[in-house]
Every structure is written in structure tokens, then in C-alpha cells.
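Trainee: task: produce atomic coordinates for the following.
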Amino acid sequence: MKVIIPLAGFGTRLRPHTYTRPKPLINVAGKAVLGHILDRLSPLHVEEYIFIVGYLGEQIEHYVRKNYSIQARFAEQEELTGQAPAILLAREFVAGPVLIVFVDTLFEANLSQLPAETADGVIYVKEVTDPRRFGVVKLDAKGYVTGFVEKPSTIENRLAVIGMYYLHDSQALMRACQELIDRNIQTKGEYFLADALNLLVKRGMRFRTEEVGVWADCGKPETVLETNRYLLDHGHDNSPSYANGVRCQIIPPVHIAPTAKIENSVIGPYATIGDNCTITGSIIRDSIIDEHAHIEDTTLEQSLIGQDALVKSKYRKLNVGDSSVVDFS
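Mentor: This next block holds a predicted model:
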């Protein structure tokens, strides 16, 4: 099996952070979002990972090569015309089963049954209260997919597609993606994967759904912080091992890089502190402070602070990009 991971978007909802690095490299609970996803895929026998990169894609390749010993290939999507053209960039590199994972979300799912799957594909879903900002599936009485709807106007179909798809026949999918482009089948000006899958359903392919236990979004500042809280509550709290603080109080759960230096401060709950950060005289809770940031005489809550940033202020809720200076003193 091969895995395709499309991650060429600009990540505009996470600016200013995504001006200087791609969204998949945003730090959540001590690790890049992409790292959390690759960790979840590690139990699978993956022949090759195919990363579809775009703006700042060299950072993605550097991160993967540095941190993971996997067979990886990188293809660049130069024109952002939709999901289907992104997936088509992997056409010549796949032949059999394929797993497609979009990088906006983290998931908790059992993937061990995929080698024995008898359906033509598996669509991973999560029931939501209001599906109108998601893509959803429609099912028949036997539980097979009869159609995909992107951002429905009604709420009766509540199984939202989380952005993970398994197909036995990767080339059939590639032909459907190419057909969208050849026939100019677009939804809201883009070539969506859902429309390619609809073509396959109409031609008799059977897709079943698998509901995931957890679906955590990393697309906006508020959902990044929500995901950070979830991960810290579920296995990523390292507060007992942190030993580089002076006159500081640590309130778990937190994830603090061992190289961070903290003095006269209160950290937590739900704080992530990156490598080589310096924090003095501050209170940090429900926030992510990325590597090499310097925080002084500040109380921060529900904040995202980028790499190499300097923050000196009173109580603030901040969204500060890399190499920024914020000084209200």
C-alpha cells in the first residue's frame, strides 16, 4: 500500500504563522501536526509515502527526511485548482491500494483491518451536529455510500468526511480525477475529490464508512489550541520529566521541551513550550510557544507564539508569527 498526503495549501486561516512555514509544521503538543499523522500511520506496512507539496514545500521535505526513516517522494502542486489535481500528481507512482490522508486533521482510528478489506474502499467519517461546513456521505440501507455532498445546505446527513480515504484500485481513482478535469466538473470553482468519488460510485464501486473515535482539527488558531489540549490530555504530557526550571510552577498537562529555560513562572495547564524557549516572570496557560521564543513579564492565555518571537507585555491573548516582537512595557 502507498500513502498520498496532499499538503500544498497556503493555510490562510493560520496566518501569520503560515507566512513563514507550512501549516503541517505547526507545533501541537511538542510535535508538528504532520509528525502526529505519520506516527498514527506507522503501524501500517507502507511501501511509499507521496507528499504533494506547494508553498514552502522544501520545509516539509526537510522535516520528513530529518525525523522519519520512511520511503518518501515529493511532488509539487504549482496551481492550486483543487484536491483532484493534487492527487493526480501521484498517478505514475501508484498501482494498487492507496490511502489518502489530508493533513488538516488528526484522527484516532483502527487501520489494522485495511489489508483484509473486502469493499472497494473505506471512507473515514465522524458524526457531527452541523455538517454544513463539511463534506458528508449519503448511505443506503446496507451502509454503502451512495454519494458525496460537499458543504450540504441541510443537516440530515451528519456523517462528515474527515479527509482520509482508502481505495483498493488507485488507478481507477486517478482516471476519475482526470475525468473531472477533462469534463471540467467543478464544485465552487475547484476540482474536489468528492466529485471523483461520486463518479466511481455511479460506476458500481462499493465504499463503506468507518467512524473514527477522535477527529481533531488543526485548521484555525482556536482548533489548534483545542487539539493541543486533547493531545496533552492523552499521552503527551511530559511535566514529570521537565527539570530545567528555576522557581517555577508546572501545572499539568503540559509539554515542555527539555531545552526550554523557565524562571519565576507558572506554566500550564495546557501549555506547549518549544525547544530553546526562554520564559521569565510569566504565566502561560492554554497556549503554544514555539521554539526559540522569548517570553518576559507576560500572562498569556489561548495564544499562539511563533518561532524566535519576543513578547513582553501584560495580560494578552496573542497570535504572533515567527520572528515578531511584541513589547507593551
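Trainee: please, where are all the helices along the protein?
Mentor: 33-41, 57-67, 83-88, 170-183, 193-202, 221-233 (DSSP state H).
Trainee: from residue 229, how far off is residue 59?
Mentor: 26 Å (Cβ to Cβ, to the nearest Å). The C-beta positions use only the backbone N, C-alpha and C, and glycine is treated the same way.
Trainee: can you show me the strands along the stretch 151-300 of the chain?
Mentor: Along the stretch 151-300 of the chain, counting by DSSP state E, counting those that start in this stretch, strands occupy 159-167, 207-211, 214-217, 245-246, 249-250, 254-256, 261-263, 266-267, 271-273, 278-280, 283-285, 287-289, 294-296, 299-301.
Trainee: any chance of those strands in JSON lines, with mean neighbour count, distance to residue 124 and mean pLDDT too?
Mentor: Output for those, formatted as JSON lines (neighbours: other Cβ atoms under 10 Å; distance: least, Cβ to Cβ, whole Å; pLDDT from 0 to 100):
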{"stretch": "strand 159-167", "mean neighbour count": "23", "distance to residue 124": "4", "mean pLDDT": "92"}
{"stretch": "strand 207-211", "mean neighbour count": "17", "distance to residue 124": "5", "mean pLDDT": "93"}
{"stretch": "strand 214-217", "mean neighbour count": "18", "distance to residue 124": "9", "mean pLDDT": "81"}
{"stretch": "strand 245-246", "mean neighbour count": "14", "distance to residue 124": "41", "mean pLDDT": "88"}
{"stretch": "strand 249-250", "mean neighbour count": "16", "distance to residue 124": "36", "mean pLDDT": "94"}
{"stretch": "strand 254-256", "mean neighbour count": "26", "distance to residue 124": "27", "mean pLDDT": "97"}
{"stretch": "strand 261-263", "mean neighbour count": "18", "distance to residue 124": "39", "mean pLDDT": "96"}
{"stretch": "strand 266-267", "mean neighbour count": "21", "distance to residue 124": "35", "mean pLDDT": "96"}
{"stretch": "strand 271-273", "mean neighbour count": "30", "distance to residue 124": "26", "mean pLDDT": "97"}
{"stretch": "strand 278-280", "mean neighbour count": "20", "distance to residue 124": "39", "mean pLDDT": "96"}
{"stretch": "strand 283-285", "mean neighbour count": "21", "distance to residue 124": "33", "mean pLDDT": "95"}
{"stretch": "strand 287-289", "mean neighbour count": "27", "distance to residue 124": "26", "mean pLDDT": "94"}
{"stretch": "strand 294-296", "mean neighbour count": "21", "distance to residue 124": "38", "mean pLDDT": "94"}
{"stretch": "strand 299-301", "mean neighbour count": "20", "distance to residue 124": "33", "mean pLDDT": "92"}
